[in-house]
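> Using only what follows, build the 3D model:
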Amino acid sequence: MTRTCAYDRDDLLRCATALFWERGFAGTSVDDVVQAAGVSRSSLYSAYPDKGALFLAALEHYLDTVTRSKLERLARGDKAAPAIRGFLMDIAGERPTANAPAHGCLLTNTAVEIGAGQERVAERVRRAFGRLERALAGRLDEARGQGDLSAGTDPQRFARQLVALVQGLRVMTRLGMDPRVACDAVRSALAPLRRRGSGNPTATRRRTM
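Model prediction:
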């Protein structure tokens, strides 16, 4: 007869994700998760054979909740330029909330802490960064088609630059960087992206000469 789990696996993952997000991989033990989630070690190990497997599951949970909601915001709107700008400004202006505590981004934190030391984890983080790059490149390609991306700017290369910017912002934000400084960095990086309503700068100069 198959035994059923005596706990809610989603609750366990939420708890484990919160702990890994706050304390990192090395700073979180299996006992920490057991105590915080109120499950037995045997129950936890029946689902996740070791801490590495639990951490990978927590990363997936983070991707399915926090990361997915951010990418969905990026995908909204017919006009790509304001969607991209809003997405990056939201990251630059992030402040601690109940849903987004002052722990930075779990993916970025993991990349900094673990690097390439654990290949399964590193590969999952790389794929997540690639997913963001593809999402940004797609919207940048839309912006180019809508006349809102400077001529000569390659959407794919620009997307890679913006992914690097995002990771840098998240590291600096965790260190307490002033959101105004972060927003200035975003505005500078997005110079090739036209602001709606700004018109053609060259034409404006010609009219005023």
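> wait, doesn't Thr139 sit right on Gly86?
In this structure residue 139 is Arg, not Thr. No. Checked against Cβ atoms under 8 Å, the pair Arg139 and Gly86 is beyond contact range at 10.9 Å. For glycine as for every other residue, the C-beta is placed from the backbone atoms N, C-alpha and C.
> Looking only at neighbour counts, state which of those two leads.
Here Arg139 and Gly86 are compared on neighbour count by other Cβ atoms under 10 Å; more neighbours surround Arg139, at 22 against 14.
> which ones are touching the more buried one?
The neighbours of Arg139, taking Cβ atoms under 8 Å, 6 or more residues apart in numbering as the test, are Leu74, Ala75, Ala80, Ala83, Ile84.
> Could you list the low-pLDDT ranges of the protein?
For the chain, residues meeting the criterion pLDDT under 70 lie at 1-7, 95-102, 196-209.
> And the residue nearest the centre of it?
The residue lying closest to the centre of the chain (Cα atoms, centre = their mean) is Thr67, at 5.3 Å.
> Quick check: buried residues in the helix or strand encompassing Ser42?
Taking DSSP states H and E as the definition, one finds Ser42 inside helix 41-47. By neighbour count with 16 or more other Cβ atoms under 10 Å, helix 41-47 contains the buried residues Ser43, Leu44.
> Equivalent analysis for stretch 81-89, please.
Residues of stretch 81-89 classed as buried by neighbour count (16+ other Cβ under 10 Å): Ala81, Pro82, Ala83, Ile84, Arg85, Phe87, Leu88, Met89.
> For the fourth one, which non-adjacent residue is closest in space?
In other words, Ile84. For Ile84, the nearest residue in space outside its immediate sequence neighbours is Arg139; the separation is 5.3 Å by Cβ to Cβ, 6 or more residues apart in numbering.
> and if you look at the first one?
The shortest distance from Ala81 to any non-neighbouring residue, by Cβ to Cβ, 6+ apart, is to Asp148 (4.0 Å).
> burial measure for that neighbour, as a count.
21.
> what's the answer for Glu133, then?
The burial metric for Glu133, expressed as a neighbour count using other Cβ under 10 Å, is 18.
> Surely it and Phe158 touch.
No. Between Glu133 and Phe158 there is no contact, the gap being 10.1 Å when judged by Cβ under 8 Å.
> Flag every buried residue along the helix of greatest length in the chain.
The longest helix of the chain (DSSP state H) is helix 119-145. Neighbour counts using 16+ other Cβ under 10 Å place 121, 124-125, 128-129, 132-133, 135-144 of helix 119-145 among the buried residues.
> got the buried residues for the very next helix or strand once past it?
Counting by DSSP H and E, the element after helix 119-145 in chain order, helix or strand, is helix 155-174. Neighbour counts over helix 155-174 (16+ other Cβ under 10 Å) mark 155, 158-163, 165-167, 169-174 as buried.
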